[in-house]
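Asks: Just to be clear, the model below is a prediction. Sequence and coordinates:
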Amino acid sequence: MKIFLSTVLISLMSFASFSQAYTVYDLYTKKNPPIYAENENIPTWGYDNRLGDGATLSYSFAESNYACDSSSGCFSLSDFMPTGYQDTIALAFDAWASVSNLSFSVAADQSGDIVLGGEAIDGLSGELGHARIVTPYRSGNGLEALSYISSGAVHFDPDEPWSLSGSSTPLFDVALHEIGHTLGLDHSEDKNAVMFSIYEGTNALQADDIAGIQYLYGASVSPVPEPSTYLMLLLGLAMVAGYGRRAVASQK
Ligand SMILES: [Zn+2]
């Protein structure tokens, strides 16, 4: 049985003009692909954020009976998730942060940039969860004022057999996908990608997911230096030391 991951505001669209499989979401025109000149403002997270700029975001958990779109019920994850779900959600955020210039912190319940909760969607199977992508709104007239972004939301269907490990519905895998939406990624055409619309057991970010998130927020700013980097650093220090010696010598 195919199990679908869906989003509230996103539909599958082709991305024929680019070679990569990932798609990013034009948060203003709601069209793919987004049309932005390089370094032009793009409404990703953050005030006046630019394409490729990083962001520091917070997330929190919804309270029981919070207001959601479903008439069937809105829940706190504590109402139906296995004990320890908070750590699993944190790992999913960490996965995105580890490959991009994004960082996340936990905010008080029902606050922050991204709120995660439960929503009765369609009973067992079918949709496992969905996400509301970040949505911009105008703080004045004109595109120039389009700076702030309202909260993102991730909803998990309480009727699924959620698990933190094991063979039933893995919370981590689904959270990884839905969080990707709240960060601005649409569905990918790459069947191996976490952002592919159908869950087929992918449980780690793939090259296409990483390319997508780095297009929006840039690469991680603190990568582990490679040996060649150390060599360049040593050469640089040697040159500085050499200049220093000459400078001292010239004072004599
Ligand atoms: Zn999706």
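Replies: Yep, that arrived. Model, not experiment: these values are computed from the prediction.

Asks: need the contact list for the residue nearest to Tyr85 when sequence neighbours are not counted.
Replies: Closest residue to Tyr85 apart from its sequence neighbours, by CB to CB, 6 or more residues apart in numbering: Leu77 at 5.5 Å. The C-beta positions use only the backbone N, C-alpha and C, and glycine is treated the same way. Taking CB atoms under 8 Å, 6 or more residues apart in numbering, we find Leu77 in contact with Phe61, Ala62, Tyr85, Ile89, Leu116, Gly117, Gly118, Phe156.

Asks: Now Leu77, what are its backbone angles?
Replies: When quoted as degrees, to the nearest 10, the phi and psi of Leu77 stand at phi -60, psi -30.

Asks: Distance check, it against Ser70.
Replies: 15 Å (CB to CB, to the nearest Å).

Asks: ok, back up a step: kindly indicate which of the contacts of Leu77 lies nearest Leu128.
Replies: Phe156 (7.1 Å; CB to CB).

Asks: That closest one - how many residues pack around it?
Replies: Neighbour count of Phe156, defined by other CB atoms under 10 Å: 28.

Asks: Pull the contacting residues for it.
Replies: 77, 81, 116-119, 128-129, 162, 171, 174-175, 178.

Asks: Listing request: residues of the stretch 51-200 of the chain with sub-threshold pLDDT.
Replies: Counting by pLDDT under 70, the stretch 51-200 of the chain shows low-confidence ranges at 133-151.

Asks: before we move on, the earlier item: take the contacts of Phe156 and keep only those in strands.
Replies: In strands, defined here by DSSP state E, the members of the contacts of Phe156 are Leu116, Gly117, Gly118, Glu119, Gly129, Trp162.

Asks: circling back to that earlier point, buried only: go through the contacts of Phe156 for me.
Replies: 77, 81, 116-119, 128-129, 162, 171, 174-175, 178 (16 or more other CB atoms under 10 Å).

Asks: Make TSV out of the residues you listed and add distance to Ala207.
Replies: Formatted as TSV, the buried ones among the contacts of Phe156 follow (distance: CB to CB, whole Å):
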residue	distance to Ala207
Leu77	30
Met81	30
Leu116	26
Gly117	31
Gly118	32
Glu119	31
Leu128	24
Gly129	24
Trp162	28
Leu171	24
Val174	20
Ala175	20
Glu178	20
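
Asks: between those, which is closest to the ion?
Replies: Glu178 (6.7 Å; CB to the ion).

Asks: Ile213 is in what secondary structure piece?
Replies: Assigned by DSSP states H and E, Ile213 belongs to helix 207-217.

Asks: which residues in the stretch 1-150 of the chain form helices?
Replies: Applying DSSP state H, counting those that start in this stretch to the stretch 1-150 of the chain gives helices spanning 85-98.

Asks: now the nearest residue to Trp45 once chain neighbours are set aside, which residues is it bridged with?
Replies: Counting by CB to CB, 6+ apart, Trp45 lies nearest to Ala55, which is 4.3 Å off, once chain neighbours are set aside. Under DSSP bridges, the beta-bridge partners of Ala55 are Leu102.
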